[in-house]
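1. Just to be clear, the model below is a prediction. Sequence and coordinates:
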Amino acid sequence: MTKWVKRGQKQCNVFHTNKDCRQLKREPIKATQRDIDILELSECKVCAGEADYSPCDRGYYEALKEAADD
Ligand SMILES: [Zn+2]
């Protein structure tokens, strides 16, 4: 299953399994399993059908870029 993360100013420490998730307001980017492991991403509650929102924080994309620099 393809997993997605949100591109933009505010980043979530979650991945999305639904590319059309409304938490993905901008063009989503694919997340690899390695990204998910390193960043300890959890599944979006909205995609999982458990909640109407998901927690977000800043700095996620920077962490993703750092992880990709290895
Ligand atoms: Zn989602």
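-> Yep, it's here.
2. hang on, isn't Ser42 packed against Val14?
-> Yes. The criterion here is C-beta atoms under 8 Å, and Ser42 meets it with Val14 at 5.5 Å. (Each C-beta comes from the backbone N, C-alpha and C, glycine too.)
3. neighbour count winner among those two?
-> Neighbours per residue, other C-beta atoms under 10 Å: of Ser42 and Val14, the larger number sits with Val14, 26 against 14.
4. For the residue lying closest to Arg34 once chain neighbours are set aside, the count of nearby residues, please.
-> Residue nearest to Arg34 in three dimensions, not counting chain neighbours: Ala67, with 7.4 Å by C-beta to C-beta, 6 or more residues apart in numbering. Using other C-beta under 10 Å, Ala67 is surrounded by 14 other residues.
5. Figure out the helix or strand that Ala67 lives in.
-> Ala67 is part of helix 60-68, with elements assigned from DSSP states H and E.
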